[in-house]
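K.L.:
When you get a sec, could you give me coordinates for this:
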Amino acid sequence: MSKIKPSKGAPYARILGVGGYRPTRVVPNEVILETIDSSDEWIRSRSGIVTRHWASDEETVAMMSIEASGKAIADAGITPEQIGAVVVSTVSHFKQTPAVATEIAHRIGAGKPAAFDISAGCAGFGYGLTLAKGMIVEGSAEHVLVIGVERLSDLTDLEDRATAFLFGDGAGAVVVGPSQEPAIGPTVWGSEGDKSETIKQTVAWNDLHIGDVSKLPLDSKGEIKFPAITQEGQAVFRWAVFEMAKVAQQALDAAGIAPEDLDVFIPHQANMRIIDSMVKTLKLPEHVTVARDIESTGNTSAASIPLAMERLLATGQAKSGDTALVIGFGAGLVYAATVVTLP
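P.N.:
Coordinates of the predicted model:
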């Protein structure tokens with residue numbers, strides 16, 4: 001029997017650089033209130049959101065990703081040619097094939113890296129980060145570009161009072177590379193498919209072709225609605241509050257990090273009340289910096305963690321070398337949490 005030669009990768013992996021892109025247009029709650037019966041006070045109290053960014057026609061998933069990637073590559077101090085793989089997490093790139101990762105890889109000048117898209121909702125960045133770590137340790141790539149990007153404004157039903165105010169657009173990217181010491185901890189991840197209906201797309205793309213209007217959602221003008229994201233808000237809130245703090249604690253335990261040793265907490269920016277509840281349940285000390293990017297960015301799904309990370313570092317609220325707990329959770333329902341050293 002022949003023996004397969006063992007792979008030779010780096011002993012560990014780490015995040016080397018981070019970059020973000022937020023669309024130019026800033027949308028305040030007042031704009032959302034033009035199509036739903038609500039108030040600025042209600043939106044702020046329920047979600048913590050004051051403004052969000054919505055992309056223009058020119059700010060495509062690819063364009064935003066390229067901008068964020070360029071910043072991450074520069075921050076990492078490498079060249080595009082050194083990228084060995086590109087992993088893009090998104091639910092709002094509407095071409096089933098080819099993967100947008102291949103276009104991004106080409107346009108940033110990365111040569112011929114492995115390139116593919118993944119769909120893991122708001123946990124997508126954590127899934128991508130874990131894949132990148134595996135590639136580097138096994139030796140199939142030396143540097144991996146991980147991108148979380150969304151144009152959720154395209155999937156927002158502006159007449160749905162429960163979700164119209166939630167979503168924003170943007171892209172966040174990190175470069176993951178080799179390390180001589182542990183800098184990305186074990187990932188605690190999983191899924192609860194029995195709750196898959198709690199966050200979902202209202203209509204499958206192929207249903208738009210059935211021709212039976214009675215089976216499709218209509219807007220206030222009687223026209224067929226574009227597919228949108230809908231959710232059972234209370235069910236999702238309860239799940240996030242009661243279950244995700246447990247997952248976050250498991251990630252801390254797996255990394256051997258106590259709450260008092262933590263510098264930064266970067267949860268998925270889903271809802272300010274969920275963030276506050278997790279901080280309380282985890283009993284995080286006051287010195288721990290907590291990302292609250294949702295106030296001005298909204299829920300950007302897969303992009304929320306890298307965008308929040310980039311802003312904390314850019315504003316000096318966090319610094320290179322800090323120990324950070326990151327956790328993403330959302331549609332699926334899926335989740336992923338780990339502890340990282342900030343670039």
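
K.L.:
Surely Ala13 is in a strand?
P.N.:
Yes: looking at Ala13 with DSSP: H, G, I helix; E, B strand; the rest coil, it is inside a strand.

K.L.:
so it touches Gly177, yeah?
P.N.:
Yes: proximity of Ala13 to Gly177 meets the contact threshold set by CB atoms under 8 Å, at 6.9 Å. Every C-beta, even on glycine, is put in place using the N, C-alpha and C of the backbone.

K.L.:
Common neighbours of these two, please.
P.N.:
Shared contacts of Ala13 and Gly177 (CB atoms under 8 Å, 6 or more residues apart in numbering): Ile136.

K.L.:
How is Ala336 assigned, secondary-structure-wise?
P.N.:
Per three-state DSSP, Ala336 ends up strand.

K.L.:
Spatially nearest residue to it, not counting backbone neighbours?
P.N.:
Gly126 (2.9 Å; CB to CB, 6 or more residues apart in numbering).

K.L.:
wait, what's in contact with that neighbour?
P.N.:
Here Gly126 is in contact with Ala120, Thr187, Trp189, Ile305, Val326, Ile327, Gly328, Tyr335, Ala336, Ala337, Thr338 (CB under 8 Å, 6+ apart).

K.L.:
sec struct for it, please.
P.N.:
Under three-state DSSP, Gly126 comes out as helix.

K.L.:
excluding its backbone neighbours, what's nearest Pro306?
P.N.:
Per CB to CB, 6+ apart, closest to Pro306 is Gly172, 2.6 Å.

K.L.:
how much space between that neighbour and Val88?
P.N.:
Computed as CB to CB, to the nearest Å, the Gly172 to Val88 distance reads 11 Å.

K.L.:
Show me whatever sits in contact with both of these two.
P.N.:
What both Gly172 and Val88 touch, as defined by CB under 8 Å, 6+ apart, is the set Ile147, Val149.

K.L.:
Strands along the stretch 51-200 of the chain, start to end?
P.N.:
51-54, 85-89, 114-118, 144-151, 169-179, 188-191, 199-201 (DSSP state E, counting those that start in this stretch).

K.L.:
which of those strands is buried the deepest?
P.N.:
strand 144-151 (a mean of 32; mean count of other CB atoms under 10 Å).

K.L.:
pLDDT on it, on average?
P.N.:
Taken as a whole, strand 144-151 has a mean pLDDT of 99.

K.L.:
what do you get for stretch 283-298?
P.N.:
98.

K.L.:
quick one: contacts of that stretch?
P.N.:
Applying CB under 8 Å, 6+ apart, the external contacts of stretch 283-298 come out as 22, 26, 47-53, 165-168, 170, 259-260, 262-267, 269-272, 275, 279, 304, 307-309, 311-312, 317-318, 322.

K.L.:
In three-state terms, label the residue at minimal distance from the centre of the chain for me.
P.N.:
Nearest to the mean C-alpha position of the chain, by CA atoms, centre = their mean, lies Ala302 at 1.9 Å. Secondary structure state of Ala302, per three-state DSSP, is helix.

K.L.:
That one contacts Val146, doesn't it?
P.N.:
No: the criterion here is CB under 8 Å, and Ala302 misses it with Val146 at 9.9 Å.

K.L.:
before we move on, the earlier item: save the strands of the stretch 51-200 of the chain as JSON lines, and put in distance to Gly298 too.
P.N.:
Below are the strands of the stretch 51-200 of the chain laid out as JSON lines (distance: least, CB to CB, whole Å):
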{"stretch": "strand 51-54", "distance to Gly298": "3"}
{"stretch": "strand 85-89", "distance to Gly298": "17"}
{"stretch": "strand 114-118", "distance to Gly298": "22"}
{"stretch": "strand 144-151", "distance to Gly298": "10"}
{"stretch": "strand 169-179", "distance to Gly298": "8"}
{"stretch": "strand 188-191", "distance to Gly298": "24"}
{"stretch": "strand 199-201", "distance to Gly298": "16"}
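
K.L.:
Nearest approach to Val61 belongs to which of the ones you listed?
P.N.:
strand 144-151 (5.3 Å; CB to CB).

K.L.:
How about residues contacting stretch 91-98?
P.N.:
Defining contact as CB under 8 Å, 6+ apart, one finds that stretch 91-98 is touched by 61-62, 100, 117, 119, 121, 124, 149-152, 154-155, 301-302, 331.

K.L.:
Which two of the residues you listed have the greatest separation?
P.N.:
Maximum distance among the contacts of stretch 91-98 (CB to CB): 22.2 Å, for Ala62 and Ala331.

K.L.:
which of those two has more neighbours?
P.N.:
For the pair Ala62 and Ala331, the greater number of neighbours falls to Ala331 (22 against 18), based on other CB atoms under 10 Å.

K.L.:
for the more buried one, what are its contacts?
P.N.:
Here Ala331 is in contact with Val91, Gly121, Cys122, Ser196, Ile199, Lys200, Ile229 (CB under 8 Å, 6+ apart).

K.L.:
In terms of pLDDT, where does the nearest residue to Gly139 once chain neighbours are set aside sit?
P.N.:
Using CB to CB, 6+ apart and skipping residues adjacent in sequence, the residue nearest Gly139 is Gly9, 3.2 Å away. pLDDT for Gly9: 93.
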